[in-house]
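In: Turn this into a model:
(chains A and B)
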There are 2 protein chains.
Amino acid sequence: MARSRLRFNAFAMNTVSHIHHGQWRRDDTRQRDYLEIETWVALAKLLERGRFDALFLADVIGTYDRYRGSRDVAVAEGLQIPVSDPALIIPVLAYVTDDLGFAYTHSVLQKHPYVFAREVSTLDHLTGGRVAWNVVTTFLDSAARNLGFPELPPHDERYRRAEEYLQVVYKLLEGSWEDDAVLRDAQNGIYSDPDKIHDIGHVGEFYDVPGPHLSEPSPQRTPVLFQAGASEQGRDFAGRNAEAIFILGRTPQSARTNVEDVRARAARFGRRPEDLLFFQGLSFIVGGTEEEARRKEREIDEYASDEGYLAHRSGDLGVDLGQFDLEAPLSELTRSNVHGIIRGLVDAAPDKSWTFRDMLRYLGDLRIVGTPEQIADELELWSDAGVDGINLMYHTTPGSFQDFIEGVTPVLQKRGLQQREYRPGTLREKLTDGGSGPRLDERHPAAALRPVAASRVAGSAL
Amino acid sequence: MARSRLRFNAFAMNTVSHIHHGQWRRDDTRQRDYLEIETWVALAKLLERGRFDALFLADVIGTYDRYRGSRDVAVAEGLQIPVSDPALIIPVLAYVTDDLGFAYTHSVLQKHPYVFAREVSTLDHLTGGRVAWNVVTTFLDSAARNLGFPELPPHDERYRRAEEYLQVVYKLLEGSWEDDAVLRDAQNGIYSDPDKIHDIGHVGEFYDVPGPHLSEPSPQRTPVLFQAGASEQGRDFAGRNAEAIFILGRTPQSARTNVEDVRARAARFGRRPEDLLFFQGLSFIVGGTEEEARRKEREIDEYASDEGYLAHRSGDLGVDLGQFDLEAPLSELTRSNVHGIIRGLVDAAPDKSWTFRDMLRYLGDLRIVGTPEQIADELELWSDAGVDGINLMYHTTPGSFQDFIEGVTPVLQKRGLQQREYRPGTLREKLTDGGSGPRLDERHPAAALRPVAASRVAGSAL
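Out: Coordinates of the predicted model:
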């Protein structure tokens, strides 16, 4: 059977240690140079040579302070702290590239939607329609506290807020300026036509935003929408709103279950299952021979910091994993009176004779190790499971990306699994292989908020 | 007497029509190309060739909707709408220049200080210490309403908020990370030292921010602080906090009064009068002969849009100037029962036989017209009045800057009134001719919030 291509994102973060902790200490990684724009410029150019679809910049606005009740380990490990603003490097990277996309994470707790809408419009203009937004609701208590919340709002409330936040952003980006609002008519002295710019008149539970939007329409209007929710509510949210979904399936089979579930939800919201693209997070260790790949793997494992992974996982789960003995067998963990989340993880371990350390490493590293051909074979399994793309999680940067692009990409291109050239147009058109236009399709909930509808809702704007 | 040099900022905005309305219609201006990054790249390179100190990017986050009770004129005139995010073009402009500084406007209503502090740290890293922040409190009611306020908070409350906002930002930027907190110690696996990163523990009227700051220390820590307040409270705020102040004196004499007043306030807050630099806003029309300059002036006046100025001024003053007849003599205006603000303006008119239109044009255009020598002569008067720099308000871009740099700059450099080369170091060091180090001096209120003091205030952070 002819497989459709996989899309490739480079998963990175404007920080020292993103996913694979301890590797920053190596001499052959540029993680310590994250503050130098040349580090990012070189990466973006490499990714574009390797025909990657996008650079995906994660973000947090708090610290991982669950582990042993402090942020000490996170700070020492450079674990997502210090962390610089991801949005601010995108304009430079767009300036030095032509086709690469740029996804970045922004939490709905972080900025007011009126301000954020102008930010993404500006980025969409500056990138020529190559920007994507990864919508998150924030999971770190410390982030919420620093943003003026007494504590992290409950999960339900965060998703309610996220839905309304998206509504406001959709109204501003899609519903405020008509397509022909901007005339640039020097002859008659009319830059924009006042009759074609509408108030949005949003009144809601969390936000009251009269409008209008401050920016003129950008190539994509709404940026490509990424999401990564795994809970019931998160999947509904993704099914309703997302165009691309970041998943972390342990196996192609578990990815398939997840993909099919969210596609079914999308269909229930009036969208087509194929309106959503699923990106699986994976790491790769590439060798000219399997032996070389295994040698590289051992070196990576030597640098891996268990404490870094523990601190990271403790933050993700909201549980202090410092209370468990790394050398204890899993059977001992399950016998003790452990937190439900831990019990669930232990149940998911494929080998019950493992120690807690084994399981931690397993959780921390979705890796494929081998020759380019072996890796391509594995990627076929992911593709067959319904996955549309890969978020490549590096061990070293740009090393992991370079190894992949030099070794695996040519093999994938030969098999039709990775693109040889970029399609023209916006990121939305590129990602969907032209299946979508530059803007959100008519089935997306934002489409209902376009000018005609908006003026009906908001009344006469002027 | 030997005069010290004047500093020069290019005053611009990521929009169509910033200050001089109607000019965007000309073929010899690039205002309609504000969305193209190349427009800005070319301008930044020109300014650096002309040894300008900084590009100053103004901003608003609302619309001018006072005039005739609607935003229609603003929209048609491109009057600060559409307006793109200024912060997002700075990284690109820093990438293509080495010495030019970048000031940008950000309101304390716009983003939470915890988020904003990371933004300015990131910009300070990306520019190598060349960023400045123009602190504003917002004057447009529409901005406040879109940001979740029922209406524009009263003037007093905005300044109280601004003071606290600065406190939070100072604590994050100056008080959270000690100078030697970042070790980058690969050998021992310690990126940052947890003992040297402090919570700020801010609890206030408007903000509760535990901290710590998310970014590692940048070259300047706190960006160079610009301010432009003219009210009693605004001048106190500037005297306490600002390093550079944007003024709009009608004459060198009135500028002097203003400069001396704010310098005296600074002294009352324990700072030195010379800790503040004053930038006068001026426009220039340069000709090879006076006649040529006058011809250019007539052309500019032909393109000037009275309605644009009326809408702009109505927004600034919070008064609908649409109620007055442009052809009416001032005497008629003062006879009628006009708003106090208008009466004040009329009283300030140097010629009482003017019409309202004459006064409007006078208010809208602080211009110097003539040959380079004539302009240099005039600038000497401003320098003698105690002004430290000029914010050049363009009629056309890059034309106005180019005319100045090609015509006036060489004359000024010969007279020692404009720098011939940039000084090394951060924007703060460059602007003060080395009078200051890269960071805020010890007399500035932020200095009291540095680590030792911060940990005393906030208690043990870890």
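In: longest helix anywhere in chain A?
Out: Criterion DSSP state H: the longest helix present in chain A is helix A:155-175.
In: which residues sit against the following helix or strand past that helix?
Out: Sequence-wise, the next helix or strand downstream of helix A:155-175 (DSSP states H and E) is strand A:182-185. For strand A:182-185, contacts defined as C-beta atoms under 8 Å, 6 or more residues apart in numbering or on different chains pick out A:I190, A:Y191, A:S192, A:D193, A:E216, A:P217, B:R32, B:P82. For every residue, glycine as well, the C-beta is placed using N, CA and C.
In: now the strands: where do they sit in the stretch 251-400 of chain A?
Out: A:277-286, A:367-370, A:389-393 (DSSP state E, counting those that start in this stretch).
In: Unless I misread the structure, A:R250 falls within a helix.
Out: No: counting by DSSP: H, G, I helix; E, B strand; the rest coil, A:R250 falls outside a helix, being coil.
In: ok, now which ones touch it?
Out: With C-beta under 8 Å, 6+ apart, A:R250 has these contacts: A:A348, A:L366.
In: any idea how far A:R357 is from it?
Out: Separation of A:R250 from A:R357 (C-beta to C-beta, to the nearest Å) stands at 18 Å.
In: just the strands of the stretch 251-400 of chain A: most buried one?
Out: strand A:389-393 (a mean of 25; mean count of other C-beta atoms under 10 Å in any protein chain shown).
In: what about A:D325, distance to chain B?
Out: Separation of A:D325 from chain B (C-beta to the nearest C-beta, to the nearest Å): 21 Å.
In: pLDDT wise, what is that residue at?
Out: What the model reports as pLDDT for A:D325 is 90.
In: where does it fall, phi/psi-wise?
Out: A:D325 adopts backbone torsions of phi -80, psi 120, taken as degrees, to the nearest 10.
In: Contacts only, for it.
Out: Contact analysis of A:D325 by C-beta under 8 Å, 6+ apart lists A:E332, A:F356.
In: Just give the number of residues close to A:A448.
Out: Per other C-beta atoms under 10 Å in any protein chain shown, the neighbour tally for A:A448 reads 15.
In: swap in A:D27?
Out: 7.
In: hey, where'd the helices end up in the stretch 301-450 of chain A?
Out: Using DSSP state H, counting those that start in this stretch, the helices of the stretch 301-450 of chain A run over A:306-317, A:330-335, A:340-348, A:356-364, A:372-384, A:399-403, A:409-414, A:427-431.
In: Point out the most buried one among these.
Out: Of the helices of the stretch 301-450 of chain A, helix A:427-431 is the most buried (mean count of other C-beta under 10 Å), at a mean of 25.
In: Now do the buried residues in the longest helix of chain A.
Out: A:158-175 (16 or more other C-beta atoms under 10 Å in any protein chain shown).
In: ok, back up a step: next, format the strands of the stretch 251-400 of chain A as CSV and append distance to A:D325.
Out: Formatted as CSV, the strands of the stretch 251-400 of chain A follow (distance: least, C-beta to C-beta, whole Å):
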stretch, distance to A:D325
strand A:277-286, 27
strand A:367-370, 25
strand A:389-393, 28
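In: who touches A:I368 in this structure?
Out: Counting by C-beta under 8 Å, 6+ apart, A:I368 touches A:L282, A:S283, A:F284, A:I285, A:Q374, A:I375, A:E378, A:L379.
In: likewise A:T127?
Out: Contacts of A:T127 by C-beta under 8 Å, 6+ apart are A:I90, A:P91, A:A94, A:G101, A:F102, A:L427.
In: Give me the subset of those residues that also touch chain B.
Out: Contacts with chain B within the contacts of A:T127, counted by C-beta under 8 Å from any C-beta of the partner chain: A:I90, A:P91.
In: give me the number of residues near A:N188?
Out: Neighbours of A:N188 (other C-beta under 10 Å): 8.
In: so how far is B:E77 from it?
Out: For A:N188 relative to B:E77 (C-beta to C-beta), the value is 12 Å.
In: Now do the shared contacts for the two.
Out: With the criterion set as C-beta under 8 Å, 6+ apart, the contacts of A:N188 and B:E77 do not overlap.
In: in which helix or strand would I find whichever residue of the stretch 101-250 of chain A sits closest to chain B?
Out: As assessed by C-beta to the nearest C-beta, chain B sits closest to A:Y191 within the stretch 101-250 of chain A, at 3.3 Å. Using DSSP H and E, A:Y191 sits in strand A:190-192.
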